[in-house]
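Visitor: Requesting a structural model of the entry that follows:
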Amino acid sequence: MSEQIIIRQATKADLPGAVEALVDAFKKDPVMSRALGGQMRIRRLRALFTFQIEHHFAQEEYGIIDVAVDDQGTVLGAALWESPERKNDLMKDLHSVRGYAKALKLGLARAALVEVGLLRARPVFTHWYLYCVGVHGSARGKGVGGALLEYRCQQLGEYPAYLEASNYDAAALYRRHGFIEMGGFGKLSNAVLGMWRPSPVSAIDKNRGKR
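Guide: The predicted structure follows:
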């Protein structure tokens with residue numbers, strides 16, 4: 001009997017499992033390794049995802065967390081999306097700096113350099129941003145990552161989506177789900193490609209003929 005995989009938006013009870021799935025998925029990722037390198041990398045990675053999920057992506061005004069769970073409710077994978085309608089808030093941003101400093105400690109400067117490089121290359125157009133999608137090692141090869149992508153990509157509405165692929169195997173998965181190559185980052189980051197998925201709802205078709 002095949003294992004049933006359910007894709008849905010995360011509940012509060014799913015958050016610890018989402019953290020663990022992402023830590024396992026990204027413990028050897030080249031971008032995360034460059035940002036968080038050193039002997040404390042795994043601990044920093046867990047602290048980073050815990051902070052980001054609890055204080056950012058779990059907040060409705062910031063983003064969305066999608067999870068893949070089995071029929072027992074175990075989290076197999078997760079995707080963190082930043083909303084195109086997210087508003088900048090200086091006080092929250094300052095709180096975030098303190099939170100990142102607490103989570104990453106001496107790794108903060110290294111992580112900040114990587115993040116600044118990626119931010120400089122991000123499109124200025126309003127868009128969904130896929131911060132990451134990851135699948136626990138125990139569930140890889142079952143189509144979980146693709147199912148997570150497809151679930152949210154069908155709900156993008158009027159906005160396109162953007163992501164940074166950390167390796168070419170991941171880029172191939174994203175391409176199968178409608179993302180196209182925009183270009184590489186050179187020495188900005190270990191990420192290999194910025195990728196863009198056009199909006200499912202065409203602004204041209206929606207507004208053509210209006211006066």
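Visitor: Ramachandran coordinates for residue 100?
Guide: phi -70, psi -40 (degrees, to the nearest 10).
Visitor: Now do the SS call for the nearest residue to it once chain neighbours are set aside.
Guide: Closest residue to residue 100 apart from its sequence neighbours, by CB to CB, 6 or more residues apart in numbering: residue 108 at 6.0 Å. Backbone N, C-alpha and C define where each C-beta goes, glycine included. Using DSSP: H, G, I helix; E, B strand; the rest coil, the three-state assignment for residue 108 comes out as helix.
Visitor: Residue 108 and residue 127: what is the separation?
Guide: From residue 108 across to residue 127, the span is 27 Å (CB to CB, to the nearest Å).
Visitor: which of those two has more neighbours?
Guide: Between residue 108 and residue 127, counted using other CB atoms under 10 Å, residue 127 has the larger neighbour count: 20 against 17.
Visitor: Read off the pLDDT value for that one.
Guide: Looking at residue 127, its pLDDT is 95.
Visitor: ok, now which ones touch it?
Guide: Contacts for residue 127 (CB atoms under 8 Å, 6 or more residues apart in numbering) come out as 84, 159-162, 196.
Visitor: Just give the number of residues close to residue 6.
Guide: 12.
Visitor: same deal with residue 70?
Guide: Number of residues near residue 70 (other CB under 10 Å) recorded here: 16.
Visitor: tell me the contacts of the closest residue to it other than its chain neighbours?
Guide: What sits nearest to residue 70 in space, not counting adjacent residues and going by CB to CB, 6+ apart, is residue 3, at 5.6 Å. Residues counted as contacts of residue 3 (CB under 8 Å, 6+ apart) are 70-71, 142.
Visitor: Could you pull out the buried residues of stretch 75-84?
Guide: Of the residues in stretch 75-84, 75-84 count as buried by neighbour count, 16 or more other CB atoms under 10 Å.
Visitor: no no, stretch 152-163
Guide: Residues 152-153, 156, 159-163 are the ones in stretch 152-163 that count as buried (16+ other CB under 10 Å).
Visitor: which other residues reach it?
Guide: Contacts of stretch 152-163 (CB under 8 Å, 6+ apart): 64, 66, 79, 81, 84, 122-123, 125-130, 174, 177-179, 194-201, 203, 206.
Visitor: Kindly report the same for stretch 63-74.
Guide: For stretch 63-74, the external contacting residues (CB under 8 Å, 6+ apart) are 3-10, 14-15, 17-18, 21, 53, 56-58, 75-83, 86, 131, 135, 139, 144, 147-148, 151-152.
Visitor: Which positions within that stretch qualify as buried?
Guide: 63-70, 74.
Visitor: Which secondary structure state does the residue nearest to residue 126 when sequence neighbours are not counted sit in?
Guide: Closest residue to residue 126 apart from its sequence neighbours, by CB to CB, 6+ apart: residue 84 at 4.8 Å. Classification of residue 84 using three-state DSSP returns coil.
Visitor: Noted, bye for now.
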